[in-house]
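Visitor: no sequence for this one, just the structure:
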Ligand SMILES: [Fe+2]
Ligand SMILES: [Fe+2]
């Protein structure tokens with residue numbers, strides 16, 4: 001999950017600032033190294049940070065699906081990955097083996113992943129803190145998930161120190177813009193982000209298992225157990241939506257589910273194609289990889305969302321490609337050395353084209369989930 005101001009969140013480890021109490025100690029890596037990397041500029045494509053209506057969340061009645069939520073909480077308590085995220089000597093010197101171009105795209109990948117894991121940590125941690133008294137079961141689930149995300153973010157941040165960099169998570173916490181979502185929108189967004197995270201990690205893992213020569217860094221060895229955390233987190237939100245069945249029935253829920261599916265899929269596709277060099281370094285084609293991730297996530301989502309997208313329709317992919325084209329034109333206009341008002345003028349038609357394309361994508365007929373996944377519904 002994710003972000004919005006463009007400021008220096010990336011600092012060399014030596015200048016890691018004192019962090020607010022919200023930052024888990026597990027997240028603070030250590031190490032030494034030079035170089036300050038400019039953070040990736042915040043755009044609509046970079047991860048966002050979320051907040052929500054804590055009172056509404058605290059007041060949530062879980063009784064319609066309490067047994068399943070209790071069972072999921074019991075799984076969280078087992079903490080299967082307690083001893084998983086331990087670095088071994090494979091990491092030693094691994095960073096030096098990357099050529100400069102691969103190094104750059106790989107560090108960007110680490111930064112974006114770390115920000116997104118950290119964004120999950122902050123939201124879950126804050127939720128568990130705010131509803132502790134009134135909704136203990138929900139609070140405990142969020143606390144366990146915050147624990148997992150802290151580990152994930154910490155592990156990624158530690159990998160960044162191998163490249164002489166570190167994300168200043170305290171700075172990030174204090175200086176990010178937070179997007180406020182109602183609880184049901186938080187459910188849609190986080191459910192999708194967990195499930196898509198699961199498919200992203202597992203597909204990279206399986207690909208590298210078959211093509212070990214493309215494993216450019218030992219962090220990928222950790223993806224198999226890691227993605228199981230994300231899968232469990234997704235299942236938790238699935239059970240939570242079933243405890244609040246109004247979040248996944250009726251015309252309003254159908255419209256919002258379509259919207260979130262499209263926003264998540266389109267953002268990922270445009271972003272990944274724009275940094276296809278990273279996927280190439282792993283021996284993957286960004287488009288084919290994203291297509292597979294989207295198809296799988298869409299299929300999984302039909303277990304709980306009332307509708308899913310018609311991703312078998314070739315027009316869906318044609319329209320995503322138009323977004324890619326517009327996005328490339330926008331980046332080009334941005335990079336040009338023209339005065340700001342002129343840049344703006346040059347960018348306007350592409351923004352308009354993007355809005356139109358998104359509207360067309362949104363208006364494509366969805367598929368009712370009961371037709372799509374009759375076996376599990
Ligand atoms: Fe995670
Ligand atoms: Fe997660």
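Guide: Now that the structure is in, tell me what you want to look at. Source: prediction; values computed, not measured. Numbers count the residues shown, from 1 in each chain. Ligands and ions are numbered 1, 2, ... in the order given.

Visitor: Could you check the pLDDT of the closest residue to ligand 1 within the stretch 151-300 of the chain?
Guide: Closest approach between the stretch 151-300 of the chain and ligand 1, counting by C-beta to the ion: residue 152, at 3.8 Å. In this view, the C-beta of every residue, glycine as well, is placed from N, C-alpha and C. Note on residue 152: pLDDT of 96.

Visitor: sec struct for it, please.
Guide: Assigned by DSSP: H, G, I helix; E, B strand; the rest coil, the conformation of residue 152 is helix.

Visitor: hang on, isn't it packed against residue 117?
Guide: Yes - in this structure, residue 152 is within contact of residue 117 by C-beta atoms under 8 Å, at 4.1 Å.

Visitor: measure the residue of the stretch 151-300 of the chain closest to ligand 1 to residue 158 for me?
Guide: Taking C-beta to C-beta, to the nearest Å as the measure, residue 152 falls 11 Å from residue 158.

Visitor: got it, and residue 201?
Guide: Noted for residue 201: a distance of 17 Å to residue 158, by C-beta to C-beta.

Visitor: Which one of those two is surrounded by more residues?
Guide: More neighbours surround residue 201 than the other of residue 201 and residue 158, with 24 against 21 (other C-beta atoms under 10 Å).

Visitor: Thought residue 223 was touching the more buried one, still the case?
Guide: Yes - look at residue 201 against residue 223 with C-beta under 8 Å: they come within range, at 4.5 Å.

Visitor: any common contacting residues for the two?
Guide: Here residue 201 and residue 223 share no contacting residue, scored by C-beta atoms under 8 Å, 6 or more residues apart in numbering.

Visitor: if we look at stretch 91-101, which residues are touching it?
Guide: Counting by C-beta under 8 Å, 6+ apart, 103, 106, 159, 162-163, 216-218, 277 sit against stretch 91-101.

Visitor: Next: stretch 361-377.
Guide: 254, 258-259, 262, 266, 299, 301-310, 313, 315-316, 319-320.

Visitor: Out of those, name the ones that lie in strands.
Guide: Among these, the ones falling in strands (DSSP state E) are 307-308.

Visitor: The contacts of stretch 361-377 also near ligand 1: which ones?
Guide: Filtering the contacts of stretch 361-377 for neighbours of ligand 1 using C-beta under 5 Å from the ion leaves an empty set.

Visitor: Drop anything exposed from the contacts of stretch 361-377.
Guide: For the contacts of stretch 361-377, a burial check counting by 16 or more other C-beta atoms under 10 Å picks out 254, 258, 262, 266, 301-309, 316, 319-320.

Visitor: Would you check how far apart residue 270 and residue 357 are?
Guide: With C-beta to C-beta as the criterion, residue 270 and residue 357 are 11 Å apart.

Visitor: where do the contact lists of those two overlap?
Guide: residue 323.

Visitor: Residue 70 contacts residue 137, doesn't it?
Guide: Yes - here residue 70 reaches residue 137: they are 6.7 Å apart, a contact under C-beta under 8 Å.

Visitor: now the strands for the stretch 1-150 of the chain?
Guide: Secondary structure of the stretch 1-150 of the chain by DSSP state E, counting those that start in this stretch: the strands cover 10-11, 49-52.

Visitor: which of those has the lowest average pLDDT?
Guide: When I compare those, strand 10-11 is least confident, with a mean of 40.

Visitor: Per-residue pLDDT of the closest residue to residue 64 other than its chain neighbours, please?
Guide: Leaving aside its sequence neighbours, residue 64 sits nearest to residue 243 (C-beta to C-beta, 6 or more residues apart in numbering; 5.1 Å). pLDDT, residue 243: 96.

Visitor: cool, residue 9 as well?
Guide: Looking at residue 9, the pLDDT reads 38.

Visitor: does the nearest residue to residue 211 once chain neighbours are set aside count as helix, strand or coil?
Guide: Nearest residue to residue 211, sequence neighbours excluded (C-beta to C-beta, 6+ apart): residue 283, at 5.3 Å. The three-state label given to residue 283 by three-state DSSP is coil.

Visitor: Go ahead and confirm residue 283 touches residue 210.
Guide: No - the pair residue 283 / residue 210 is not scored as a contact, 9.6 Å apart, by C-beta under 8 Å.

Visitor: Which one's more surrounded, the two?
Guide: Per other C-beta under 10 Å, whichever of residue 283 and residue 210 has more neighbours is residue 283, with 14 against 8.

Visitor: Now do the more buried one against residue 212, distance only.
Guide: In this view, residue 283 and residue 212 are 10 Å apart by C-beta to C-beta.

Visitor: got it, and residue 255?
Guide: 45 Å.

Visitor: Between the two, point out the one with more neighbours.
Guide: Neighbours per residue (other C-beta under 10 Å) separate residue 255 from residue 212, with residue 255 holding more: 14 against 8.

Visitor: so how far is residue 362 from the more buried one?
Guide: 9 Å.

Visitor: Residue 256 too?
Guide: 11 Å.

Visitor: can you check residue 121 too?
Guide: Counting by C-beta to C-beta, the gap from residue 121 to residue 362 is 31 Å.

Visitor: do residue 191 as well
Guide: 19 Å.

Visitor: neighbour-wise, which of these two wins?
Guide: Neighbours were counted for residue 191 and for residue 362 using other C-beta under 10 Å; residue 191 has more, 26 against 16.

Visitor: Enumerate every residue touching the residue nearest to the more buried one when sequence neighbours are not counted.
Guide: Excluding the flanking residues, the one nearest residue 191 by C-beta to C-beta, 6+ apart is residue 237, at 3.8 Å. Residue 237 sits next to 187, 190-191, 194 when contact means C-beta under 8 Å, 6+ apart.
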